[in-house]
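K.L.:
Structure for the following, please:
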Amino acid sequence: MGRVTEKKRVVNACSRCRQHKIKCSGICPCNNCLQRKVNCKFEGEEAKVYITKKHLSELKQRNLELEERNGALQQQLSAYAKLTPNMLENLSPPTETESPLGMVDEPRDSIQGDEAALINTLACGPPKYITDGAGRPHFLGHTSNWSLTIRLLHLTHQALYKCPYPTAAHHIDSMTYILKWDGLRSPVVPDIRRLPTLDQAVFLINTTKFHTGQVFHLFDEESFMIQLQQFYEEPKQDIHTESLWFIHFLVLIALGKAFVGARANGVNPPGAEYFTTAFMMLPDYSFFWKDPCTSAELLCSMALYMQSIDWRTSAHNLIGQALRMLQVHGFHTNISSISSNKDLLRYQNVWWTVYVLERQLSVLMGVPCGFSDNNISAFLPQYQGSETKTATVAIHVKLSQALSNVVNAIYRENGDLNSTLVKATQDVLQQVADVASDLREKFPLPNQESRSGISRVSGYLHLLYHQCIMLAIRPFLFGLVETSVSSGILNVAVPTPIQILLQICLESAKNTVCILNALCDQTLLECFLPFDLESAVSAGLVVTMATLVCPNLIESPSSVFKALSALLDHIENEGNLIAASNKRELADIHSLCLKLKSAPSMALSSQIAAQLEEGLNLHSGASEIQPGEDVTLGEALPSHWAEDMTPSQLLEVVDLLNEDNILDWVDFPTNAVDNELSSHIK
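P.N.:
I've put the predicted structure just below:
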């Protein structure tokens, strides 16, 4: 009898059958190979993977980088091994369940391995939320001062007391002021008997124009005032009270009452009686398209009022409605061919007001902007006989474009803190530097010898300029804070270009405080509109973070805090309840940071870090900057607020960011700082 060969069934065809493209029995040996008495070979279980030469080259390069990094880590481990056990205890990284901020890590499939350590923690990772007393979640946006305040409170409180900051202590959207309305619409018959007289109405509208008209277009003065006269001549005619004009009128006089310093009635904001009636009379958004100009002006006015009373979500919704409505009507394009010169100027004013408000309210909310700059072809308005007004709009738009780049590039979701972030920061600073020349020329700030005061427009534009700089650099500063708190090492050495970047951020913060002080001295500080208050809070957060991790970069921080406290006191004394909450939270952060700096574990860890740095010289190019020293340009950075960094100096700093290994100092925790707010921030 012939030899019986035990056959094993496999899934694939043998190599010979594959090569000759014939049917294989799938049994080893197969029938074809048995007949031809040849060896029957099947491929192993490991499937072949075909990749391009380019990808193979990238993998080899990646492997080489990992080997170099592993060598550096081995050197660090050898150095740490020489430390005593007691010293090592204080340098132990936090465990996954003991993260500094009390957050719970969620899986992050998009960032793994070594790349997880190089992230912009303000923008990446799972979304962060905080719950209010009723259990409703509130999203923590990445560029929002309110969000950063909460994150810093939880970060420092968790590091000190091993528990998150009490949720009840936060001020939440739409909780500071209350509008007496449940949101349900019903036919409203306005009580015209409670309206101001014609003279007072004109005064309130002119007051609104003075406070907003130089940077925002909220109404067409000529047509609006004609209708105002007609209304007061025959106030009982329904044609007036049933139109958008009447709703717009109520909102403008509500703003006027707030601007003249009318006190809030408890938690009811000034002008609320008029604004609430206007809100209740507002028609459905579906009907706005019939009169896009007036509708957009109305929505801008309402958004500005709601943002000012800390109803941020509603304000963002309103300005978003205005933006989308104008898009549908093509206002973002060049519409000069279908409109007269008079109408064209109004269309351009309306569009660019909606644009800059949408950008700024999105930044204050910490959410992406709603429309790409690449899709805009509308021309800027040209004002005959008013070069200043033309320059105001142009600079305002350019700075708003820089804000949109901050949101879309620097704070994009899962943005890595690597060359991409550095490049995005360079682009924003380049864009800001391009605007700086026109800003300094058209709207100079008075120096100490000048007899003239600061103008409100100059102050507003310069504050927006510094806000762009602080927002662009804040991820580096917050990352340094996060690293220091999580590792217990406060004195982390960073390369000189990054130190210069942080110093520029601090200079912008100090200049912001000085500009606000100058405005306050001339009674030009805005105590109702949110922008001056937000600038003060942003500067306070920057200085507070710097005093924790790089105190050598700022001289006399106590004087800055004292000035900030006085500014917030002034705004609060003018009846702004939001300023009181901001002041309390900034004071809490500052107090927690001081306690954190004096904690024994922090002090010991910082000493060990200094010993390691001195012995191993791990951070090539890292050094300390003494207060007031400008290691960038060879001369001291200006200490006076009117002598700001020139555009050419800012561009030199941008060029310094091209240095290799600029982020070698970065050793951010793998999102340990962002994840224990499962019950509070989730």
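K.L.:
Do you know the pLDDT at the residue minimising distance to the centre of the chain?
P.N.:
For the chain, Thr143 is the residue whose C-alpha lies nearest the centre (CA atoms, centre = their mean; 1.4 Å). pLDDT, Thr143: 80.
K.L.:
what's the distance between it and Pro29?
P.N.:
Distance of Thr143 to Pro29, given as CB to CB, to the nearest Å: 68 Å. Yep, even glycine has a C-beta here, placed from its N, CA and C like the rest.
K.L.:
How about Val435?
P.N.:
78 Å.
K.L.:
Show me which of those two is the more surrounded one.
P.N.:
Taking neighbours as other CB atoms under 10 Å, Val435 and Pro29 compare with Val435 leading, 22 against 18.
K.L.:
so who does that one touch?
P.N.:
Counting by CB atoms under 8 Å, 6 or more residues apart in numbering, Val435 makes contact with Ile395, Lys398, Leu399, Ala402, Tyr465.
K.L.:
Isn't the fourth one up against Val428?
P.N.:
When you say that, I think you mean Ala402. Yes: taking CB atoms under 8 Å as the contact criterion, Ala402 and Val428 are neighbours in contact, 5.8 Å apart.
K.L.:
so what's in contact with these two at the same time?
P.N.:
Residues touching both Ala402 and Val428 by CB under 8 Å, 6+ apart: Cys468.
K.L.:
Which elements pack onto the longest helix seen in the chain?
P.N.:
Identified as the longest helix of the chain according to DSSP state H is helix 456-487. Helices and strands touching helix 456-487, by 3 or more CB pairs under 8 Å, 6 or more residues apart in numbering; DSSP states H and E, are helix 145-161, helix 387-405, helix 419-442, helix 496-521, helix 531-549.
K.L.:
To Leu59, which of those helices lies closest?
P.N.:
Leu59 lies closest to helix 419-442 among those, at 19.2 Å (CB to CB).
K.L.:
Next, the buried residues of the closest one.
P.N.:
Residues 421-422, 424-433, 435-436, 439-440, 442 are the ones in helix 419-442 that count as buried (16 or more other CB atoms under 10 Å).
K.L.:
Asn328 touches Ser286, doesn't it?
P.N.:
Actually, residue 328 is Val rather than Asn. No: counting by CB under 8 Å, Val328 stays clear of Ser286, with 11.8 Å between them.
K.L.:
what about the strands in the protein?
P.N.:
Applying DSSP state E to the chain gives strands spanning 8-9, 27-28, 129-131, 137-139.
K.L.:
gap between the residue nearest to the centre of the chain and Thr197?
P.N.:
From Thr143 to Thr197 the distance is 43 Å (CB to CB).
K.L.:
Could you do Ile469 as well?
P.N.:
Applying CB to CB, the value for Ile469 to Thr197 is 46 Å.
K.L.:
When those two are compared, which one has more neighbours?
P.N.:
Remark: of Ile469 and Thr197, Ile469 carries more neighbours, 27 against 9, as counted by other CB under 10 Å.
K.L.:
ok, and the closest non-adjacent residue to the more buried one?
P.N.:
Excluding its sequence neighbours, the residue lying closest to Ile469 (CB to CB, 6 or more residues apart in numbering) is Ser508, at 4.4 Å.
K.L.:
re the thing from before, who's more crowded, Val328 and Ser286?
P.N.:
Using other CB under 10 Å, the more surrounded residue of Val328 and Ser286 is Val328, with 11 against 7.
K.L.:
ok, now which ones touch that one?
P.N.:
So Val328 contacts Trp289, Pro292 (CB under 8 Å, 6+ apart).
K.L.:
What pLDDT does the model give it?
P.N.:
88.
K.L.:
Could you report the distance from it to Trp289?
P.N.:
According to CB to CB, Val328 and Trp289 sit 7 Å apart.
K.L.:
quick one, what contacts the residue lying closest to Asp438 once chain neighbours are set aside?
P.N.:
Once flanking residues are discounted, Asp438 sits nearest to Ile395: 5.8 Å by CB to CB, 6+ apart. By CB under 8 Å, 6+ apart, the contact set of Ile395 is Val435, Asp438, Leu439, Lys442, Phe443, Leu461.
K.L.:
Touching, the second one and Ala391? I think so.
P.N.:
Yes: Asp438 is within contact range of Ala391, at 6.8 Å (criterion: CB under 8 Å).
K.L.:
still on that earlier bit, any idea how far the residue nearest to Asp438 is from Tyr177?
P.N.:
Counting by CB to CB, the gap from Ile395 to Tyr177 is 32 Å.
K.L.:
next one: Ser314
P.N.:
Distance from Ser314 to Tyr177, counting by CB to CB: 12 Å.
K.L.:
Gln229 too?
P.N.:
33 Å.
K.L.:
Pro530 now?
P.N.:
For Pro530, the distance to Tyr177 - CB to CB - is 12 Å.
K.L.:
Now for those two: what residues contact both?
P.N.:
With CB under 8 Å, 6+ apart, Pro530 and Tyr177 have common neighbours Asp310.
K.L.:
centre of the chain versus stretch 128-135, how much separation?
P.N.:
When distances are taken as CA atoms, centre = their mean, to the nearest Å, stretch 128-135 is centred 20 Å away from the chain's centroid.
K.L.:
residues of it that come out buried?
P.N.:
Lys128, Ile130, Thr131, Asp132.
K.L.:
from those, which single one is nearest Val356?
P.N.:
Among those, and counting by CB to CB, the member closest to Val356 is Lys128, at 27.4 Å.
K.L.:
pLDDT score assigned to the residue lying closest to that closest one once chain neighbours are set aside?
P.N.:
Using CB to CB, 6+ apart and skipping residues adjacent in sequence, the residue nearest Lys128 is Leu140, 4.1 Å away. pLDDT, Leu140: 82.
K.L.:
Leu140 and Val542, how far apart?
P.N.:
Relative to Val542, Leu140 is positioned 18 Å away (CB to CB).
K.L.:
And for Ala322?
P.N.:
32 Å.
K.L.:
before we move on, the earlier item: ok, the contacts of Ile395 vs Tyr161, which is closest?
P.N.:
Leu461 (42.3 Å).
K.L.:
before we move on, the earlier item: any idea which of the strands of the chain gets closest to Asn552?
P.N.:
Asn552 lies closest to strand 129-131 among these, at 33.3 Å (CB to CB).
K.L.:
The closest one pairs with which strands, parallel or anti?
P.N.:
For strand 129-131, the pairing partners within the sheet under DSSP bridges are strand 137-139 (antiparallel).
K.L.:
ok, now which ones touch the nearest residue to Leu525 once chain neighbours are set aside?
P.N.:
Spatial nearest neighbour of Leu525, excluding adjacent residues (CB to CB, 6+ apart): Leu519 at 4.6 Å. Going by CB under 8 Å, 6+ apart, Leu519 touches Ile454, Arg456, Gly459, Leu525, Glu526, Asp532.
K.L.:
Do I have it right that the fourth one meets Ala518?
P.N.:
It refers to Leu525. No: contact between Leu525 and Ala518 fails when scored by CB under 8 Å: they sit 9.2 Å apart.
K.L.:
Could you give the number of residues near Arg193?
P.N.:
6.
K.L.:
Would you check how far apart Leu516 and Lys583 are?
P.N.:
According to CB to CB, Leu516 and Lys583 sit 14 Å apart.
K.L.:
These two: which has the busier surroundings?
P.N.:
Remark: of Leu516 and Lys583, Leu516 carries more neighbours, 28 against 20, as counted by other CB under 10 Å.
K.L.:
In space, what's closest to that one - neighbours in sequence excluded?
P.N.:
Among residues not flanking Leu516 along the chain, Leu567 sits closest, at 5.4 Å (CB to CB, 6+ apart).
K.L.:
In this structure that neighbour contacts Leu525, no?
P.N.:
Yes: checked against CB under 8 Å, the pair Leu567 and Leu525 is within contact range at 7.4 Å.
K.L.:
Who has more neighbours out of these two?
P.N.:
Set Leu567 next to Leu525 and count neighbours by other CB under 10 Å: Leu567 wins out with 24 against 21.
K.L.:
could you check the distance from the more buried one over to Leu586?
P.N.:
11 Å.
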